[in-house]
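Asker: Need the 3D shape of this:
(chains A, B, C and D)
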There are 2 protein chains.
Amino acid sequence: MTDLTLEERLEEAVKTLKVRGVRMTPQRYAILSYLLETRSHPTADEIYKALADRFPSMSVATVYNNLKLLKEAGLVRELTFGDQASRFDGQMHDHYHVTCIVCGRIDDFEYPPMRFIEKEAERLTGYATAEHRMEVYGICPACRKAQEEAKQMAMVTAKAAGNEH
Amino acid sequence: MTDLTLEERLEEAVKTLKVRGVRMTPQRYAILSYLLETRSHPTADEIYKALADRFPSMSVATVYNNLKLLKEAGLVRELTFGDQASRFDGQMHDHYHVTCIVCGRIDDFEYPPMRFIEKEAERLTGYATAEHRMEVYGICPACRKAQEEAKQMAMVTAKAAGNEH
DNA sequence: GTTTTATTGATAATAATTATCATTATCGGA
DNA sequence: TCCGATAATGATAATTATTATCAATAAAAC
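Answerer: As a prediction, the model looks like this:
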């Protein structure tokens, strides 16, 4: 199993880009390494802000340009969520996501790719299927806890209101 | 199994809306019935254009307003695809979609809801999961045929070019 | 019918993303 | 090491889907 370090993955990525005739710039390198090391699935704007102190003059257009380029080179995946901003994932091994419907947090989870669903779609519709996307939605542990506490609070308040007469 | 006709489903939907205190207007009725009878997963703009001859003065905002309202009433589902326009689905029984990456066409296919993946995400991440979304991507039969023909054409042309000397 | 209030339609506002383009920087070769 | 071709950057305008605003209109309960 290939289990590379961050540095090795970065080196690989730079090589991949060079083969494609893509020049390496400080901004590009920073965006790439930021995406390879984080697991936070950042938006373009979050990346922009995260690098703002190191590249105060960097344009938000540069972030978008590079994200598109990295995506085309197969180094990054774009996760779209309706009209909200896209999120970007530098972890290119197959995995699925759970999204918190309260706070927007996204977590990874490992599960064998469900290729059977593509085959089934193929059989039923005549499409030549190539891939699938699957997102699970729920409430993350932190937000569950917050909701639990809010409920407790409401009960205490209700009880107090009931007693005051 | 409840297998209602279009008229019965419309009647049901109108009742559901009335319970929620939603008034019925000609525009709203037209949008609703359009969504219940089509299987084309139209965008807001497509609905707007489809009803333009019957409601020449209808605003595009009215279409959006009603789509949101119908969605909140559980009568319609919104399918989002990145930064492209959302598509709307009036078929509320559980089913999945295949999307053509060439022409954008969307087809339904029936498959038992994969609740196990929600349970697995729950176990692995501690989320309280509620639902999931799964989209298969591929090339529809029509576009496959078109690509096949284009390939044939290219071969013939190449052969002709090879012979001309 | 009157009245209340949800709805419509016109238009402005918003937000993410892409396009444009002059200026700058990379990198292979002289 | 310097040079030149050209790719990349950064500033800004443009685009597109969607939402907000609000005065005028129309449902529907009485």
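Asker: any bit of the lengthiest helix in chain A sitting next to chain B?
Answerer: Scanning chain A for the longest helix, with DSSP state H as the assignment, gives helix A:141-163. Yes: when contact is scored as CB under 8 Å from any CB of the partner chain, part of helix A:141-163 falls within range of chain B: A:141, A:144. C-beta here means a position set from N, CA and C on the backbone, and glycine is covered the same way.
Asker: A:Asp45: what's it in contact with?
Answerer: Each residue near A:Asp45 by CB atoms under 8 Å, 6 or more residues apart in numbering or on different chains is listed here: A:60, A:63, A:85.
Asker: What subset of those residues is buried?
Answerer: Among the contacts of A:Asp45, those scoring as buried are A:Val63 (criterion: 16 or more other CB atoms under 10 Å in any protein chain shown).
Asker: So which of the contacts of A:Asp45 belong to helices?
Answerer: The members of the contacts of A:Asp45 that map onto helices under DSSP H are A:60, A:63.
Asker: for the contacts of A:Asp45, which one is nearest DNA strand D?
Answerer: Within the set of the contacts of A:Asp45, A:Val60 lies nearest DNA strand D; the separation is 6.2 Å, counting by CB to the nearest atom of the strand.
Asker: Cross-check the contact I'm expecting between the closest one and A:Glu46.
Answerer: No: no contact is recorded between A:Val60 and A:Glu46 when judged using CB atoms under 8 Å, the distance being 11.2 Å.
Asker: hmm, back to that, could I have the longest helix of chain A exported to PDB, CA atoms only?
Answerer: Only the C-alpha atoms of helix A:141-163 are listed here, as PDB (Å, rounded to 0.1, in the frame of the first residue of the first chain):
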ATOM      1  CA  PRO A 141     -21.300  15.200  17.800                       C
ATOM      2  CA  ALA A 142     -20.700  18.800  18.900                       C
ATOM      3  CA  CYS A 143     -24.000  20.000  17.500                       C
ATOM      4  CA  ARG A 144     -25.800  17.100  19.000                       C
ATOM      5  CA  LYS A 145     -24.400  18.000  22.400                       C
ATOM      6  CA  ALA A 146     -25.400  21.600  22.000                       C
ATOM      7  CA  GLN A 147     -28.900  20.600  21.100                       C
ATOM      8  CA  GLU A 148     -29.100  18.300  24.100                       C
ATOM      9  CA  GLU A 149     -28.000  21.100  26.400                       C
ATOM     10  CA  ALA A 150     -30.500  23.500  24.800                       C
ATOM     11  CA  LYS A 151     -33.200  21.000  25.400                       C
ATOM     12  CA  GLN A 152     -32.200  20.600  29.100                       C
ATOM     13  CA  MET A 153     -32.300  24.400  29.500                       C
ATOM     14  CA  ALA A 154     -35.700  24.600  28.000                       C
ATOM     15  CA  MET A 155     -37.100  22.000  30.400                       C
ATOM     16  CA  VAL A 156     -35.600  23.800  33.400                       C
ATOM     17  CA  THR A 157     -37.100  27.100  32.200                       C
ATOM     18  CA  ALA A 158     -40.500  25.500  31.600                       C
ATOM     19  CA  LYS A 159     -40.500  24.000  35.100                       C
ATOM     20  CA  ALA A 160     -39.600  27.300  36.700                       C
ATOM     21  CA  ALA A 161     -42.400  29.000  34.700                       C
ATOM     22  CA  GLY A 162     -44.800  26.300  35.900                       C
ATOM     23  CA  ASN A 163     -43.900  26.900  39.500                       C
END
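Asker: quick one: buried residues of that helix?
Answerer: Taking 16+ other CB under 10 Å as the neighbour-count basis, helix A:141-163 is seen to contain the buried residues A:143-144.
Asker: what do you get for stretch A:58-66?
Answerer: Applying a neighbour-count criterion of 16+ other CB under 10 Å, the buried positions in stretch A:58-66 are A:58, A:62-63, A:66.
Asker: So which residues of chain A form strands?
Answerer: Counting by DSSP state E, chain A forms strands over residues A:77-79, A:87-89, A:96-100, A:106-109, A:128-139, given from the N-terminal end onward.
Asker: could I get those as CSV with distance to B:Thr157?
Answerer: Conversion of the strands of chain A to CSV gives the following (distance: least, CB to CB, whole Å):
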stretch, distance to B:Thr157
strand A:77-79, 36
strand A:87-89, 41
strand A:96-100, 44
strand A:106-109, 47
strand A:128-139, 24
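Asker: Kindly present the ones you listed as a markdown table, with separate columns for mean pLDDT.
Answerer: Converted to a markdown table, those look like this (pLDDT from 0 to 100):
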| stretch | mean pLDDT |
| --- | --- |
| strand A:77-79 | 97 |
| strand A:87-89 | 97 |
| strand A:96-100 | 97 |
| strand A:106-109 | 97 |
| strand A:128-139 | 96 |
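Asker: Now mean neighbour count too, for these, in a markdown table please.
Answerer: Conversion of the strands of chain A to a markdown table gives the following (neighbours: other CB atoms under 10 Å in any protein chain shown):
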| stretch | mean neighbour count |
| --- | --- |
| strand A:77-79 | 16 |
| strand A:87-89 | 21 |
| strand A:96-100 | 22 |
| strand A:106-109 | 18 |
| strand A:128-139 | 18 |
